[in-house]
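In: predicted model, plus sequence, below.
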Amino acid sequence: MKLSRLLIRVVLSCALIISSTEIARSQSGNMSDITQPNPNEIMNQPEPDEGNTADNLGENTAGDIVEETPVDSTQPNSEIETSSQETPSQETSDTINTQSEIVESEPVIIEQTTEAEAANSPESDEIVKKLVDEAEQRDIKKSEEPKEEKVAEKNSQPATEQIDRGEYETQFQDAPSDLAILMQEEFQLNQLIGSTGIQLYGSVPSVKQISHRLAQLAEQTGKKAAFINISLQNNQLESFVVLPEQVQANAETSLVASSELNGIDAPPAAQVPIIRKTVKNTSRKDIIAKATELREKIGDVRRLNQNEYKRSSQELYNVLIKPIEADLAANKIDVLVFSMDSGLRLLPVAALYDGKQFLIEKYAMGMVPSFGLTDTRYVSPAKASILAMGASEFKEQADLPTMPIELKTIVSNPRRGQSFLNQQFTIPNFVAQNSGQTPFSIIHLGTHAEFKAGDLSDSYIQFYDSQLKIPQLQKLSNQLGWNTNKTPIELMVLSACETALGDKDAELGFAGLAVQAGVKSTLASLWYVSDLGTLAMMGEFYDQLDSTLNKAEALRQTQLAMLRGNVKINNKQVNLSNGTGLPLPSDFPDGTLTLNHPYFWSSFTLVGNWN
C-alpha cells in the first residue's frame, strides 16, 4: 500500500518542503501512522530560554484573543460574531472551515470552602497529618538515594536535530490552519525521537484524516471527541481544534487503526471544521511558569486545606480553554483529546477551573503525544483480563501498605485476572505471565515509577527486587509482541508514578510512555498521590470502567465521584460510590476525609487511546 507522507522542514531560508515516499509496515511498536524512516527534518538551533522566573500571566489572564479575519473596531467589549474562512488545503477534496471569536476575560474569583470539604470530621486532621508525615518520610528517602554517576559515552542513536524555534514560529503563524497542525505534529514527533531515541516510521495524518477518524469513533463509541493542539510561542498562544467531519461515519470500518488512516476514503464533500484561536500578548515563558505553579500547589499534600491553586488554575483556563469553550459546547463535544506543546504535557488539565466548575465536570479528556502515534482503534473493555502486580514493601523506597487491598480489589468479581504481590512481582514473572497463550488486555502495576530529569535511561518502574528502566521497557515490549496486532495491550496502569517538573526529557518520557511500551494507552499519575488516594482512585476507576466501557469516561466518572465527595475515607475504610467499603490497615487513624481536593484526583492522566 502506498501512503502520502508529508515532511515539513523548517530551514533558515524559510522554505517548506513537502515530499512523499512509499511506506512499509510500522516498526514503532504502537500501530501508529509513523511507518517509514523519519529523517531529521528540522535544522538544529537552540531554543529560547524557558525559565520559570517570570510570571506576568496573571496581569492579563486571557491575553488578547484575535481572529483571522478583520474585527469591527466599533464593537468594543462585545462578543464578536463567529466567522468562517476557507484556507488552502493540501488535499483538494478538503473544505477547511476556520472559525474564531473574541472572548472577554473575566476576573478570577476564589470561592470559599465547599460543601464536601465541610463534611470532613475533626478527626480528618489526623488523617491529613498521617499523609503529610508519609510525604515527608518519602522526601527523606528520596534525598538519601545514591546519585548515579553519569558515564560519558557516545550515544548509539543518531542525533536528532531540533528546531530553530523563532524561525519555526514565524512560519507557523503564517501557515494556513491545516498546514500549521501538520507542522506541529511533525515537530512533536521530532521531539519524541530526540528524547527517547525511538525510531519512528511513516506519515503524519492529514487534518482530513484526523477529522474522519474522529467521526468514525463517535459513531462507534457514542462519544464525540475533539482533537486540540496547543502551540506555545514566544509572543502568543495558538489553539487548534479539529472536529469530527460533518458527515455520518461508516461503522462498517470501525476497526481502522491510525496506521491505516491514509487508506480511509472519506466522502469528497465532507466538511473538515478547524477552529483556530490566537491569544496575543502572552508568552510561552509565562504560561509554562503558571503551569508549574499550578502543579506545585495542587501536588503538595501539605496544602490540602488551601484553595489558592484556583487562581492559577483559572488563569490557565482563561488562555487554554475559554477561547474555544463556546465552539466545543456548540458542537456537543464529549471528549477533549489534547496534544500539548512542551511545557504543558504535565499539566493536570482536569483541574483547570472556570470560576465555577472544573474542566472535568464538563468533559472527559485524554492526552496524546501526537495523533499519528496513537492507535485509536476501539475495543470494548467488557470482560477484559487484568494482570495486577505490585509491592507493598520496598528496601529503599516508601512502603505502599494498601497495595494488597488494591490488587485484590482490581481482580475481584466480576472482573477476570490474576494478581501477584511482593516476591512474586519480579521482571521474570512479569515476562512469564505475559507470555501465555491468552494475553492480558490490561496491565496494572501498583508500584513506584519515576520519570526523572535528564537522561531517560534514569527513569524506571520499580519491581520488587530490581528496577526496569524505561528504555528496557521498549525491548521487553518487543520481546512480548505487544507491538503487533496479535497481542495488543489496551491499557497499562502505573498507580504510584511521579514525574520531574521542568525537565523536557522527563515530560516527553511521560507523554511517550505508551509509545515506548508498545501499548495503546497508559494511565499514570503526574505526582505521587499517597497510598490512600491511589487505593480510592483505582478501586473506583475499575468499577467505572465496567459500567462505562470507555477509558476516558471511566476516568472522568471516577474523578467526579471523588470531587463530589462520593468516594471518601470513613471509619478506616475507603468508601466507593457504589457503597463498597475497602478496609484500611488497623493502624490507620479514625475519622472522615473527603477526597475532593484535586491533589487526589487530578494527577491521574490518560495518555494515548482515550476510547
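Out: In hand now; what should we look at?
In: output the below-cut-off pLDDT ranges for the chain.
Out: Using pLDDT under 70 as the threshold, the predicted model of the chain has low-confidence ranges 1-123, 140-163, 199-202, 247-271.
In: domain assignment for it?
Out: In terms of domains, the chain is parsed into 84-105+173-373, 385-550 (source: automatic domain parsing).
In: okay if I get these as CSV plus distance to residue 137 and mean neighbour count?
Out: Where you see a C-beta, it was placed from the backbone N, CA and C, and this is true even at glycine. CSV is the format used below for these (distance: least, C-beta to C-beta, whole Å; neighbours: other C-beta atoms under 10 Å):
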stretch, distance to residue 137, mean neighbour count
domain 84-105+173-373, 12, 21
domain 385-550, 6, 20
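In: including distance to residue 127, could those domains go into CSV?
Out: Below are the domains of the chain laid out as CSV (distance: least, C-beta to C-beta, whole Å):
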stretch, distance to residue 127
domain 84-105+173-373, 10
domain 385-550, 8
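In: for residue 606, which of these is the nearest?
Out: Closest approach to residue 606 among those is made by domain 84-105+173-373 (4.2 Å; C-beta to C-beta).
In: circling back to that earlier point, which of the domains of the chain sits closest to residue 584?
Out: Using C-beta to C-beta, the domains of the chain put domain 385-550 closest to residue 584, at 6.6 Å.
In: end-to-end on that closest one?
Out: With C-alpha to C-alpha, to the nearest Å as the measure, domain 385-550 spans 15 Å from end to end.
In: now stretch 190-204
Out: With C-alpha to C-alpha, one end of stretch 190-204 sits 11 Å from the other.
In: how far is it from where the chain is centred?
Out: In terms of C-alpha atoms, centre = their mean, to the nearest Å, the centre of stretch 190-204 is found 18 Å from the chain centre.
In: cool, stretch 521-535 as well?
Out: With C-alpha atoms, centre = their mean, you get 14 Å for stretch 521-535.
In: and what of stretch 490-505?
Out: 10 Å.
In: same question, stretch 533-549
Out: For stretch 533-549, the distance to the chain centre is 18 Å (C-alpha atoms, centre = their mean).
In: what's the answer for stretch 402-415, then?
Out: 25 Å.
In: quick one: residues in contact with that stretch.
Out: 384, 386, 388-392, 417-421, 444, 446-447, 495, 531-532, 534-535, 538-539, 542, 546, 582-585 (C-beta atoms under 8 Å, 6 or more residues apart in numbering).
In: I'd say residue 477 and residue 514 touch.
Out: No. The pair residue 477 / residue 514 is not scored as a contact, 10.3 Å apart, by C-beta atoms under 8 Å.
In: which of the helices or strands spans residue 355?
Out: Of the helices and strands defined by DSSP states H and E, none includes residue 355.
In: ok, what's across the strand from the residue most central in space within the chain?
Out: Among the residues of the chain, the one closest to the centroid is residue 367, at 3.0 Å (C-alpha atoms, centre = their mean). Beta bridges link residue 367 to residue 338, residue 607, judged by DSSP bridges.
In: who's in contact with it?
Out: 337-340, 345, 349, 511, 605-607 are the contacts of residue 367 under C-beta under 8 Å, 6+ apart.
In: isn't residue 516 up against residue 193?
Out: No. Under the criterion of C-beta under 8 Å, residue 516 is not in contact with residue 193, lying 11.7 Å apart.
In: any idea how many residues pack against residue 382?
Out: 8 (other C-beta atoms under 10 Å).
In: quick check: phi and psi on it?
Out: Residue 382 adopts backbone torsions of phi -60, psi 130, taken as degrees, to the nearest 10.
In: ok, and the closest non-adjacent residue to it?
Out: residue 549 (5.8 Å; C-beta to C-beta, 6 or more residues apart in numbering).
In: taking the contacts of stretch 402-415 one by one, which sit in helices?
Out: Taking DSSP state H, the ones among these that sit in helices are 531-532, 534-535, 538-539, 542, 546.
In: could you export the contacts of residue 367 as TSV, including distance to residue 179?
Out: TSV is the format used below for the contacts of residue 367 (distance: C-beta to C-beta, whole Å):
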residue	distance to residue 179
337	20
338	20
339	16
340	20
345	23
349	26
511	23
605	29
606	29
607	26
